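Enquirer: next one to model:
(4 chains)
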Protein chains: 2
Amino acid sequence: MAEREVDRSVSQTVKAQLALRDQILSGALRAGERISELQAVETTGASRTPVRMALVRLEEEGLLEAIPSGGFMVKAFSERDISDSIELRGTLEGLAARFAAERGVSARELEPLKECLAAIDELLGQVPISIEAFSSYVTLNARFHALLTELSRSPPLVRQIDRASALPFASPSGFVMAQSALPEAQQILIIAQDHHRVVIDAIENREGARAEAVMREHARLAVRNLRLALRNRTHLDLLPALALIKTATD
Amino acid sequence: MAEREVDRSVSQTVKAQLALRDQILSGALRAGERISELQAVETTGASRTPVRMALVRLEEEGLLEAIPSGGFMVKAFSERDISDSIELRGTLEGLAARFAAERGVSARELEPLKECLAAIDELLGQVPISIEAFSSYVTLNARFHALLTELSRSPPLVRQIDRASALPFASPSGFVMAQSALPEAQQILIIAQDHHRVVIDAIENREGARAEAVMREHARLAVRNLRLALRNRTHLDLLPALALIKTATD
DNA sequence: TGTATGCGTTATGTATACAATAGCTGCTGA
DNA sequence: TCAGCAGCTATTGTATACATAACGCATACA
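Expert: Got it, this is the predicted structure:
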């Protein structure tokens, strides 16, 4: 036992996993770069065993890739990989919305979603939207999607959606939003909010096909959003993905 | 270093993972049962570190569940969980088929699929189908789906589909097929083969919507298939899933 | 007799020691 | 001067030892 300072409130494995994911999503570890276990031990403060467990988890999560000769490297993604992931998540969310509509949802279950919707409306009412409001939006929007997903009452589907969201929508510790991109972002978010409204309405009226269709349209909007963010080098709520895209265009 | 007999041709972690997955899918470890690390060490022949890595991987895969107080248990699924997983996979495969159709696929890329199709035709030509032929079908069908998935040219999507397939379609070491269920199974497989034909045709003609629709229809057939298998207590190609469904109906 | 507390046992979480392999560097020979 | 081989080093894979926490059982007290 070393004289290492240990925080017993949370498991070393979880601590290491969070720290490493943060390093990856923040860009401290660059795409394609090999991850040194020893270095990870130093930066995370955990010993090799929990670090290795964290690495395995991150590999399964899709952020790391095993190197045949041993060890792991940060996985690199193309722009298309990210846009495919967004469309993929939209497709899954479409299925979730369909399930929710077909299986029926009580008014009480829809309540939190409507509250979320109202809170977002309030943020978007500001013209132009402030950086702080945009930041709150990211949180509220994630909450809305999580709640919507839950309405499907399908644990396997919820699980897959979480997985699919990890890549394009993971939240790093902090993020930057260019001031100049705000008005354009707001335009897009207002359209997105319409989608949110339609999907709730469709679920309430048990229109599965319509609920599904709007979520897929929603994803296509997010793809356009990504293209815009890449072109302007600004970050909408898709920012974490940017750290993962390999710089050399292939 | 113990006098343990070690097989250096394959990593201990992989060995342990395969052995444990087999134990779960074959039903040797029952749903809801806690997995003892020490016991796993004995049955797999690996030491605790690789066993723990394997357990983490299987948890991420969705076959195990972490117990809050520590350790892992075999995850239990309801019948609906499995049928949702099938529908989920079908939805993802639908997206893959759409991508393939929209992005275009050369004749050379379609060749292996057509060969697969012909091989299955030959098997299904036998009336009634033999157990051995049915077993070959399971392999060929898995190959067909894997090839189709690849046509999407989308690594993130392929990855998710693999993930989604793990639960309902994983291949255990051996499986049993009741003789009496064969004719009914053959009927279903002939319809399934029609779907295969349609999806290839749609991809060739770049009809994305049609390609997607037929894969979703294909999934609905598989769901009916599952219901049948459960009712008759027979195993079609969905067998591994049966080991995971909790016996006590909740 | 039932419940609560304390101790012991067992299993998991963590750390580290050991083994093996892959990659690199330097040297030698053609 | 370049290529190939050998030895070394660094890093990963594996095993095990140690620490800690949880569960069960027994005993004592109400």
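Enquirer: and the nearest residue to A:Arg34 once chain neighbours are set aside, what does it touch?
Expert: Distance criterion Cβ to Cβ, 6 or more residues apart in numbering or on different chains; nearest residue to A:Arg34, sequence neighbours excluded, is A:Met73 at 4.7 Å. For every residue, glycine as well, the C-beta is placed using N, CA and C. If you count contacts by Cβ atoms under 8 Å, 6 or more residues apart in numbering or on different chains, A:Met73 has them with A:32-35, A:64-65, A:67.
Enquirer: quick one: name the residues of chain A near chain B.
Expert: A:49, A:52-53, A:56-57, A:60-62, A:77, A:80-81, A:84-85, A:87-88, A:91-92, A:94-95, A:99, A:154-157, A:159-160, A:163-164, A:167 (Cβ under 8 Å from any Cβ of the partner chain).
Enquirer: quickly note the distance from the most centrally placed residue in chain A to A:Arg143.
Expert: Ranked by distance to the mean C-alpha position of chain A (Cα atoms, centre = their mean), the top residue is A:Phe169 at 1.9 Å. Here the criterion is Cβ to Cβ, to the nearest Å. By it, A:Phe169 lies 12 Å from A:Arg143.
Enquirer: is it true that the residue nearest to the centre of chain A touches A:Ala142?
Expert: Yes - with contact defined as Cβ atoms under 8 Å, A:Phe169 reaches A:Ala142; the gap is 7.0 Å.
Enquirer: and the strands in chain A, which stretches?
Expert: Taking DSSP state E as the criterion, chain A carries its strands at A:34-35, A:64-66, A:72-74.
Enquirer: okay if I get those strands as JSON lines plus distance to A:Gln193 and mean pLDDT?
Expert: Below are the strands of chain A laid out as JSON lines (distance: least, Cβ to Cβ, whole Å; pLDDT from 0 to 100):
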{"stretch": "strand A:34-35", "distance to A:Gln193": "39", "mean pLDDT": "94"}
{"stretch": "strand A:64-66", "distance to A:Gln193": "35", "mean pLDDT": "95"}
{"stretch": "strand A:72-74", "distance to A:Gln193": "34", "mean pLDDT": "95"}
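Enquirer: which of those strands sits most buried?
Expert: Among the strands of chain A, ranked by average contacts under mean count of other Cβ atoms under 10 Å in any protein chain shown, first place goes to strand A:72-74 (a mean of 20).
Enquirer: for that strand, which strands pair with it and how are they oriented?
Expert: strand A:34-35 (antiparallel), strand A:64-66 (antiparallel) (DSSP bridges).
Enquirer: can you give me the domain boundaries for chain A?
Expert: A:12-74, A:79-244 (automatic domain parsing).
Enquirer: distance to B:Arg220 for those domains - can I get that in TSV?
Expert: Conversion of the domains of chain A to TSV gives the following (distance: least, Cβ to Cβ, whole Å):
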stretch	distance to B:Arg220
domain A:12-74	29
domain A:79-244	13
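Enquirer: save those as TSV, and put in distance to DNA strand C too.
Expert: Shown next, in TSV, are these (distance: least, Cβ to the nearest atom of the strand, whole Å):
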stretch	distance to DNA strand C
domain A:12-74	3
domain A:79-244	20
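Enquirer: out of these, nearest to DNA strand D?
Expert: domain A:12-74 (3.0 Å; Cβ to the nearest atom of the strand).
Enquirer: and that closest one, how far apart are its ends?
Expert: Taking Cα to Cα, to the nearest Å, domain A:12-74 runs 21 Å from one end to the other.
Enquirer: comparing the domains of chain A, which yields the minimum mean pLDDT?
Expert: Looking at these, the lowest mean pLDDT belongs to domain A:79-244 (a mean of 87).
Enquirer: so what's the gap between it and the chain middle?
Expert: Taking Cα atoms, centre = their mean, to the nearest Å, the mean C-alpha location of domain A:79-244 is offset from the chain mean by 9 Å.
Enquirer: end to end on stretch A:72-85, go ahead and measure it.
Expert: End-to-end distance for stretch A:72-85: 22 Å, by Cα to Cα.
Enquirer: with adjacent residues omitted, what lies nearest to the closest residue to chain B within chain A?
Expert: Going by Cβ to the nearest Cβ, chain B is nearest to A:Glu60 of chain A, at 3.6 Å. Closest residue to A:Glu60 apart from its sequence neighbours, by Cβ to Cβ, 6+ apart: B:Glu60 at 3.6 Å.
Enquirer: so who does the one you found touch?
Expert: Applying Cβ under 8 Å, 6+ apart, the residues near B:Glu60 are A:56-57, A:60-61.
Enquirer: pretty sure A:Asp121 is touching A:Gln193, no?
Expert: Yes - using Cβ under 8 Å, A:Asp121 makes contact with A:Gln193 at a distance of 6.8 Å.
Enquirer: which one of the two has more residues nearby?
Expert: A:Gln193 (18 against 13; other Cβ atoms under 10 Å in any protein chain shown).
Enquirer: spit out the contact partners of that one.
Expert: Residues counted as contacts of A:Gln193 (Cβ under 8 Å, 6+ apart) are A:117, A:120-121, A:124.
Enquirer: now distance to DNA strand D too, for the strands of chain A, in TSV please.
Expert: Output for the strands of chain A, formatted as TSV (distance: least, Cβ to the nearest atom of the strand, whole Å):
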stretch	distance to DNA strand D
strand A:34-35	7
strand A:64-66	7
strand A:72-74	8
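Enquirer: of all the ones you listed, which lies closest to A:Glu150?
Expert: Closest of the strands of chain A to A:Glu150 is strand A:64-66, at 28.3 Å (criterion: Cβ to Cβ).
Enquirer: which residues does the closest one contact?
Expert: Outside strand A:64-66, the residues that touch it by Cβ under 8 Å, 6+ apart are A:24, A:35, A:55, A:58-59, A:72-75.
Enquirer: repeat the analysis, applying 6 Å as the threshold.
Expert: Strand A:64-66 is contacted from outside by A:58-59, A:72-73, A:75, using Cβ atoms under 6 Å, 6 or more residues apart in numbering or on different chains.
Enquirer: B:Thr13: which of those residues is nearest?
Expert: Each of the contacts of strand A:64-66 was scored against B:Thr13 by Cβ to Cβ, and A:Glu59 proved nearest at 11.6 Å.
Enquirer: hmm, A:Phe72 is touching A:Ile35, no?
Expert: Yes - contact criterion Cβ atoms under 6 Å: A:Phe72 and A:Ile35 qualify, at 5.0 Å.
Enquirer: just put the contacts of A:Gln193 in CSV and tack on distance to A:Ala219.
Expert: Shown next, in CSV, are those (distance: Cβ to Cβ, whole Å):
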residue, distance to A:Ala219
A:Leu117, 18
A:Ile120, 18
A:Asp121, 22
A:Leu124, 20
